[in-house]
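Asker: Provide a 3D model corresponding to the input given below.
(one chain, ligands or ions: 2)
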Amino acid sequence: MSTALDTALETLSISTALNEVTEAGRLDPAEYDAILLASFGGPEGQDDVIPFLRNVTRGRGIPDERLEEVSHHYRAFGGVSPINAQNRELKAALEGELAARGIALPVYWGNRNWDPFIPETLQKMYDDGHRRVLMLTTSAYTCYSSCRQYREDIGIALTETGLDGKLQVDKVRQYFDHPGFVLPFVEGTLEGLQKVRQALDAEDGSRDSEIRVLFATHSIPTRDAEAAGRGEGEPREFEGGSAYVAQHLANARAIMAAVAPAVEWDLVYQSRSGAPHVPWLEPDINDHLEAIAPQGVKGAVIVPLGFVSDHMEVAWDLDTEALETCGELGIEAVRVPTPGTHPTFVAGLVDLICERTVEHHIAERPHVTDLGPWYDVVPAGDCRNFRGDKPVIAEAGVTLGTTHD
Ligand SMILES: CC1=C(CCC(=O)O)c2cc3nc(cc4[nH]c(cc5[nH]c(cc1n2)c(C)c5CCC(=O)O)c(CCC(=O)O)c4C)C(CCC(=O)O)=C3C
Ligand SMILES: [Fe+2]
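Answerer: Ligands and ions are numbered 1, 2, ... in the order given. Take a look at the predicted model:
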């Protein structure tokens, strides 16, 4: 296995060439004094479930029936989302890696939807004497939910706490195609494929034509997708109609080229919410499994390409629902791990921090697709939501979050 992995990793082409489009959205290295690890947040017990779901869906038009349904996923886990423990582990791992490299930047943790909330965390950072914050999120791609909403929540928090003008908050680039994020998926896809081959008694790859690699990511409203990568002055047209889809396709292609160029793969979606008449990205993973089973597919490697850790969307929608669908259809399936606290991922996150700092600066910006390296400051209005403009940071022409004492 280790030789197969070595070969795969060597095959993955990591470029440090600068993309002239995203080069325009780069910031010079600066002297940050703290890191904000920003995440989604999740309930810590049964009593938190409904208030958490209300926070998530505030103003987003998600029907009550969907909330009721999703509450059962959390209830089945004792009302505790795995995401908070995973973020505590990630924070500890980041602290360890920073310390090992002699980088004296404290890491604070703040969430969009549950305690510790972002506004309180920013206030604490300020009270502790910090003035220049670099934000890292647990979200790798470009769309409203994974990039702009984080930047808005910082904008809103700075406005509400009165910290605008006092606390600078910048953000590292979306890191979907940073090798630190992609390499754990290369490793996992390779291992997953070997396991599925074993399950089909075809370790030599003789039944690879019956195996499908399914790259799974969060579905989003088609309207949100169409706004992803459509900021002012963005000159590119994206494959699949949006930066969100294009980034996943490019990543999947890079991984498959390194792991198993002959095996067929598809990009599929999961965790759709919203009202039934509102279009979201498709196909849903379960529908797709039903569609490919009659074509003779006997094995599936499910790669949770859209996710950073094994939180509820992975634990429920993939490990519970999609694996059950595979069982019903007689498909041997393996779910590949998310990057989580994989040492390569943690080191990659610290490299992303170093891209932006004066001390310990890393000038090269590695990326495995030709879409990146992504913007530090996105084009104006990128991923703009039709529900109206909110204060936002890390965007061209925006001064919020950029000034300090
Ligand atoms: C793109 C994307 C990511 C990946 C990027 C990233 O990681 O940020 C993501 C992650 C997550 N989504 C999560 C949970 C939920 N997402 C919901 C609802 C929604 N997600 C959306 C998109 C995304 N979501 C969208 C467009 C909605 C509709 C409402 C809205 O537009 O806001 C709802 C409401 C109920 C429902 O409808 O499912 C819940 C409970 C959790 C926490 C899991 C845990 O607790 O372990 C995580 C990490
Ligand atoms: Fe979500």
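
Asker: Please list all residues in contact with the residue of the stretch 151-300 of the chain found nearest ligand 1.
Answerer: Per C-beta to the nearest ligand atom, residue 273 is where the stretch 151-300 of the chain lies closest to ligand 1, at 2.5 Å. In short, each C-beta sits where N, CA and C put it, glycine included. Taking C-beta atoms under 8 Å, 6 or more residues apart in numbering, we find residue 273 in contact with 57, 62, 66, 70.

Asker: out of these, which touch ligand 1?
Answerer: Contacts with ligand 1 within the contacts of residue 273, counted by C-beta under 6 Å from any ligand atom: 57, 62, 66, 70.

Asker: Would you agree the first one is in contact with residue 68?
Answerer: No - using C-beta atoms under 8 Å, residue 57 is not in contact with residue 68; the gap is 11.9 Å.

Asker: how deep is the closest residue to residue 140 other than its chain neighbours tucked in, by neighbour count?
Answerer: Excluding the flanking residues, the one nearest residue 140 by C-beta to C-beta, 6 or more residues apart in numbering is residue 176, at 4.2 Å. Residue 176 has 26 neighbours, counted by other C-beta atoms under 10 Å.

Asker: For residue 176, pull up the helix or strand it's in.
Answerer: Counting by DSSP states H and E, no helix or strand carries residue 176.

Asker: ranges for the helices of the stretch 101-250 of the chain?
Answerer: Assigned by DSSP state H, counting those that start in this stretch, the stretch 101-250 of the chain shows helices spanning 118-127, 149-161, 179-199, 222-227, 243-259.

Asker: which secondary structure elements does the fourth one contact?
Answerer: It refers to helix 222-227. In this structure, helix 222-227 makes packing contacts with helix 243-259, judged by 3 or more C-beta pairs under 8 Å, 6 or more residues apart in numbering; DSSP states H and E.

Asker: downstream neighbour of the helix it packs on in the secondary structure list?
Answerer: Assigned by DSSP H and E, the successor of helix 243-259 is strand 264-270.

Asker: Next, the angle from that following strand to helix 179-199.
Answerer: 110 degrees (axes from the mean of the first three to the mean of the last three C-alpha atoms, to 10 degrees).

Asker: Report the residue spans of the protein with pLDDT below the cut-off.
Answerer: The model of the chain has pLDDT under 70 over residues 1, 403-405.

Asker: Quick check: residues of this structure near ligand 1?
Answerer: Residues of the chain lying near ligand 1 (C-beta under 6 Å from any ligand atom): 40, 42, 53, 56-57, 60, 62, 66, 70, 81-83, 138-139, 143, 145-146, 218, 220, 271, 273, 306, 311-313.

Asker: Among those residues, name the ones in strands.
Answerer: If you go by DSSP state E, the residues of the chain next to ligand 1 have residue 218 in strands.

Asker: Selection in ChimeraX covering whichever of the residues of the chain next to ligand 1 are buried, please.
Answerer: Buried subset of the residues of the chain next to ligand 1, written as a ChimeraX selection, criterion 16 or more other C-beta atoms under 10 Å:
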select :40,42,53,56,57,62,66,70,81,82,83,138,139,143,145,146,218,220,271,273,306,311,312,313
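
Asker: Now do the same contact list for the residue nearest to residue 224 when sequence neighbours are not counted.
Answerer: Distance criterion C-beta to C-beta, 6+ apart; nearest residue to residue 224, sequence neighbours excluded, is residue 144 at 4.6 Å. Listed by C-beta under 8 Å, 6+ apart, the contact partners of residue 144 are 220, 224, 227, 228, 383, 384, 385.

Asker: repeat for residue 35
Answerer: Neighbouring residues of residue 35 by C-beta under 8 Å, 6+ apart: 94, 98, 105, 106, 107, 108, 133, 134, 135, 136, 353.

Asker: burial of residue 253, as a residue count?
Answerer: 17.

Asker: try the one 3 residues further on
Answerer: Residue 256 has 19 neighbouring residues, counting by other C-beta under 10 Å.

Asker: cool, the one 3 residues further on as well?
Answerer: Look at residue 259: counted by other C-beta under 10 Å, it has 28 neighbours.

Asker: one step back: phi, psi of the residue nearest to residue 140?
Answerer: phi -50, psi -40 (degrees, to the nearest 10).

Asker: just checking, it touches residue 245?
Answerer: No - look at residue 176 against residue 245 with C-beta under 8 Å: they stay out of range, at 11.7 Å.

Asker: for the helices of the stretch 101-250 of the chain, which one sits closest to residue 292?
Answerer: Of all the helices of the stretch 101-250 of the chain, the one in closest proximity to residue 292, counting by C-beta to C-beta, is helix 179-199 (14.0 Å).
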